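Engineer: Could you work out the structure for the sequence below:
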Amino acid sequence: MKDPMTSYRGRIAPTPSGYLHLGHAQTFAIAQKRAKAQGGRLILRVEDLDEARCKAEFTQGLYEDLHWAGLTWNEGPDVGGLYGPYIQSQRRAFYLKAWEVLKNKGAIYACTHSRKDVENATQAPHEEDEAEPVFPRRLRAVEGAGQERSVPAGVNWRFRVPDGEKIFVLDERLGPIIYVAGEDFGDFLVWRRDDVPAYELAVVVDDAEMAITEVVRGEDLLKSTARQLLLYRALGLAVPAFCHVPLVKDSSGRRLAKRDNAMSLRGLREKGISREQVRGLLSDA
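Structural biologist: Take a look at the predicted model:
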């Protein structure tokens, strides 16, 4: 782990599964502003673990869009004298080490049930933007399931949540928020059967290893933060501060998604909209 500096350390962490839109620009602008106000450092991390969704064209596009929008970072691997990004797909060893720690502690278990099994068991709706259903307790594996395995591939791995425990998320903007484990969320994925670390595990490991002192991200990830607090505790890692910022929505009140090309940064640029006009559309949170 890097030496945790006393100054502010933030990060911007896009996933190259589509082109960046106004929502990303707002979150990253706020992260940049907060880091600058503290005289701290800002890291760029490309979260490209999902090979099926992440494309090289989107990775290149995010660099172009970040620079065009005036969003910069001031720490990272040296790339020809410039600050480069950290790339999650190059950091597998860190995630494997965390998986092994969790497995040996009995905090996670091998799970043979698919997402479809969970949906069927909960009679969950199938709309694309519907929240993931709470994993049913009756599908939970017995204690020690998967302990004999030396590698995670081939089955899903889920974190066994402490049913009924109140998880307190102290947000820098929204104040205290409480979730109840087992009710608001159930046993969650930390490693997928196709041998890909899940988002929850990867970001906790990376934020801790990079000594991030504050995580700035959208309000839609508040419940993820509650899950991640359990991982921080299980792994014995220091917990950063959190600041969840407003989501940018379209004219119908629906939050922006990467499929909304009309609101993508490059789509706006192609329409002749300037960087200044884009920044004027964003909230300071």
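Engineer: what ranges do the strands span in the stretch 1-150 of the chain?
Structural biologist: Along the stretch 1-150 of the chain, counting by DSSP state E, counting those that start in this stretch, strands occupy 9-12, 41-46, 78-79, 82-83, 86-87, 108-111.
Engineer: Comparing those by mean pLDDT, which bottoms out?
Structural biologist: When these are compared by mean pLDDT, strand 78-79 comes last with a mean of 78.
Engineer: that older thread, out of the strands of the stretch 1-150 of the chain, which gets nearest to Phe28?
Structural biologist: Nearest of those to Phe28, taken as Cβ to Cβ: strand 9-12 at 4.5 Å. Heads up, the C-betas are built off the backbone N, CA and C, glycines and all.
Engineer: quick check: domain ranges of the chain?
Structural biologist: As assigned by automatic domain parsing, the chain contains the domains 1-90+248-285, 92-205.
Engineer: Which of these sits closest to Leu235?
Structural biologist: Comparing the domains of the chain by Cβ to Cβ, domain 92-205 comes nearest, at 5.9 Å.
Engineer: re earlier: buried deepest among the strands of the stretch 1-150 of the chain, which one?
Structural biologist: Of those, the one with the most neighbours on average (mean count of other Cβ atoms under 10 Å) is strand 9-12, at a mean of 26.
Engineer: Now do it: everything it contacts.
Structural biologist: Contacts with strand 9-12, where a contact means Cβ atoms under 8 Å, 6 or more residues apart in numbering, come from 27-28, 31-32, 34-35, 40-45, 66, 71, 73, 75, 207, 210-216.
Engineer: where in the stretch 101-250 of the chain is pLDDT low?
Structural biologist: When residues are selected by pLDDT under 70, those of the stretch 101-250 of the chain lie in 119-131, 250.
Engineer: again, only this time at 80
Structural biologist: Where the stretch 101-250 of the chain drops to pLDDT under 80, the residues are 114-132, 249-250.
Engineer: now Cys243: how far from Ala69?
Structural biologist: The gap separating Cys243 from Ala69 is 20 Å, by Cβ to Cβ, to the nearest Å.
Engineer: now the strands for the stretch 151-285 of the chain?
Structural biologist: 156-159, 166-171, 175-180, 188-191, 214-218, 241-245.
Engineer: which of the residues in the second one are buried?
Structural biologist: Okay, so that is strand 166-171. Buried residues in strand 166-171, counted by 16 or more other Cβ atoms under 10 Å: Ile167, Val169, Asp171.
Engineer: and what of the third one?
Structural biologist: By 16+ other Cβ under 10 Å, the buried positions in strand 175-180 come out as Ile177, Tyr179.
Engineer: who touches it?
Structural biologist: So strand 175-180 is contacted by Gly164, Glu165, Lys166, Ile167, Phe168, Val169, Leu170, Asp171, Phe185, Leu222, Lys223, Ala226 (Cβ under 8 Å, 6+ apart).
Engineer: What ranges does the stretch 151-285 of the chain have for its helices?
Structural biologist: 199-209, 222-235, 265-270, 275-280 (DSSP state H, counting those that start in this stretch).
Engineer: what's the burial count for the nearest residue to Asp195 once chain neighbours are set aside?
Structural biologist: Computed as Cβ to Cβ, 6 or more residues apart in numbering, the closest residue to Asp195 that is not its neighbour in sequence is Ala153, at 3.8 Å. Neighbour count for Ala153, taken as other Cβ atoms under 10 Å: 12.
Engineer: Likewise for Leu62?
Structural biologist: Residues near Leu62, counting by other Cβ under 10 Å: 23.
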